[in-house]
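> Give me coordinates for this.
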Amino acid sequence: MSKDYGDKGFKSKTDYPDIMTINQVAEYFQISEMTTYKLVQDGSIPAFKIGRHWRVKRDDLDGFIERLKRGEKI
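Take a look at the predicted model:
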């Protein structure tokens with residue numbers, strides 16, 4: 001169940017699954033899918049592949065955010 005953030009379409013963190021697609025990660029961070037692919041492919045965002053498809057654990061995104069908050073370069 002999504003929280004209502006008006007017409008912006010924002011979701012709360014708990015509305016996202018534990019394992020996310022590139023598209024979901026891009027939506028979560030409000031960045032493009034291309035930027036998300038680049039961050040995943042260069043290892044900035046920890047991710048894994050299932051077949052040809054990238055997946056990201058939501059908990060790993062929290063770690064990524066914490067690293068950015070500490071001023072670490074991505």
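
> now do the same end-to-end measure for stretch 52-65.
Across stretch 52-65, the straight-line distance between its terminal residues is 26 Å, by CA to CA, to the nearest Å.

> Do me a favour and average the pLDDT over that stretch.
Confidence for stretch 52-65, expressed as mean pLDDT, is 96.

> buried residues in it?
Applying a neighbour-count criterion of 16 or more other CB atoms under 10 Å, the buried positions in stretch 52-65 are 54, 55, 56, 57, 58, 60, 61, 64. C-betas here are computed from N, CA, C, even on glycine.

> Can you name the residues in contact with it?
Stretch 52-65 is contacted by residues 13, 16-22, 25, 28-29, 37, 40, 44-49, 74 when judged by CB atoms under 8 Å, 6 or more residues apart in numbering.

> let's go with 7 Å and repeat that
Under the contact criterion CB atoms under 7 Å, 6 or more residues apart in numbering, stretch 52-65 has outside partners 16, 18-22, 25, 28, 40, 45-48.

> For residue 69, state which of those is nearest.
For residue 69, the closest of those turns out to be residue 45, at 14.9 Å, with distances computed as CB to CB.

> per-residue pLDDT, the closest one?
pLDDT for residue 45: 97.

> my guess is residue 55 is in a strand, correct?
Yes: secondary structure assignment (DSSP: H, G, I helix; E, B strand; the rest coil) places residue 55 inside a strand.

> how near is it to residue 36?
Spatial separation of residue 55 from residue 36 under the definition CB to CB, to the nearest Å is 12 Å.

> By residue count, what's the longest helix in this protein?
Secondary structure assigned by DSSP state H gives helix 58-69 as the longest helix of the chain.

> Just give me how far that helix sits from the chain centre.
Taking CA atoms, centre = their mean, to the nearest Å, one finds helix 58-69 lying 9 Å from the centre of the chain it belongs to.

> circling back to that earlier point, so which of the contacts of stretch 52-65 wins on neighbours?
residue 25 (26 neighbours; other CB atoms under 10 Å).

> any idea which element it lies in?
Counting by DSSP states H and E, the element that carries residue 25 is helix 22-29.

> Pull out the C-alpha coordinates of the helix or strand that that helix is followed by and format them as CSV.
Sequence-wise, the next helix or strand downstream of helix 22-29 (DSSP H and E) is helix 33-41. Once non-C-alpha atoms are left out, helix 33-41 reads as follows in CSV (Å, rounded to 0.1, in the frame of the first residue of the first chain):
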residue,chain,number,x,y,z
GLU,A,33,18.1,4.4,-15.6
MET,A,34,21.3,5.1,-17.6
THR,A,35,22.9,6.7,-14.5
THR,A,36,21.8,3.8,-12.4
TYR,A,37,23.3,1.3,-14.9
LYS,A,38,26.6,3.1,-14.8
LEU,A,39,26.7,3.2,-10.9
VAL,A,40,25.9,-0.5,-10.8
GLN,A,41,28.4,-1.5,-13.6
